[in-house]
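Novice: No sequence on hand, only this structure:
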């Protein structure tokens, strides 16, 4: 059984609000929306549709886990298709958890030549973050306690990502 934490309607309303904020922020500027797969795809598509501008979209997949152990190095399992050289990047993921992977991803995008990297997440979890981690996203739809969420891209053993609401497995 899955208990709803935030329903589909509230999520859609909040994504629309953030989309309007991003439309204002990027008005008159070129940018590329880069979605982190797998989880960020669900939020990223909804967010992209809520931004009333023309922009490029790319998808990346990253991993800091090797043989089920988190390592220090971040690998692109799927590298950006588009050139990042001199680009303004809006990096989209479903959750800001520890912030380490997001921080490493930003570093990799800057190393690839991005001029600027801003971040947008569906959920920021309230929790302490290490020194080498992103502390806050530039745009976050919801801030929630550090609970194990599913839906809207968040999964439990690769299940429940496609749920249109945020919930907890009971």
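Specialist: Structure received. Nothing here was measured: the structure is a model prediction, and the numbers come from that model.

Novice: neighbouring contacts of stretch 123-138?
Specialist: 94-100, 102-103, 106, 118-121, 140-147, 149, 154, 166 (C-beta atoms under 8 Å, 6 or more residues apart in numbering). C-beta coordinates here come from the backbone N, C-alpha and C atoms, glycine included.

Novice: again, 7 Å this time
Specialist: Outside stretch 123-138, the residues within contact range by C-beta atoms under 7 Å, 6 or more residues apart in numbering are 94-100, 102-103, 106, 118-121, 140-146, 149, 166.

Novice: So which of those residues belong to strands?
Specialist: 94-96, 118-121, 140-145, 166 (DSSP state E).

Novice: pLDDT added to those, as a markdown table?
Specialist: As requested, the ones in strands among the contacts of stretch 123-138 are exported to a markdown table (pLDDT from 0 to 100):
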| residue | pLDDT |
| --- | --- |
| 94 | 96 |
| 95 | 95 |
| 96 | 95 |
| 118 | 98 |
| 119 | 98 |
| 120 | 98 |
| 121 | 98 |
| 140 | 98 |
| 141 | 98 |
| 142 | 98 |
| 143 | 98 |
| 144 | 97 |
| 145 | 96 |
| 166 | 98 |
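
Novice: For those, could you give me CSV that also reports distance to residue 74 and neighbour count?
Specialist: Shown next, in CSV, are the ones in strands among the contacts of stretch 123-138 (distance: C-beta to C-beta, whole Å; neighbours: other C-beta atoms under 10 Å):
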residue, distance to residue 74, neighbour count
94, 17, 26
95, 16, 23
96, 16, 24
118, 19, 17
119, 15, 22
120, 19, 26
121, 17, 28
140, 21, 19
141, 24, 24
142, 25, 18
143, 25, 13
144, 25, 16
145, 27, 9
166, 26, 27
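
Novice: between the residues you listed, which is nearest residue 41?
Specialist: Nearest to residue 41 among the ones in strands among the contacts of stretch 123-138, counting by C-beta to C-beta, is residue 94 at 8.4 Å.

Novice: Skip the chain neighbours and tell me the closest residue to the closest one.
Specialist: In space, residue 94 comes closest to residue 153 once its chain neighbours are excluded; the distance is 3.6 Å by C-beta to C-beta, 6 or more residues apart in numbering.

Novice: Quick one: neighbours of that neighbour, just the number.
Specialist: By the criterion of other C-beta atoms under 10 Å, residue 153 has 29 neighbours.

Novice: can you pull out the helices in this structure?
Specialist: With DSSP state H as the criterion, the chain has helices at 8-26, 40-50, 100-111.

Novice: out of those helices, deepest packed?
Specialist: Sort the helices of the chain by mean neighbour count, taking mean count of other C-beta atoms under 10 Å, and helix 40-50 sits at the top with a mean of 20.

Novice: Thank you, goodbye.
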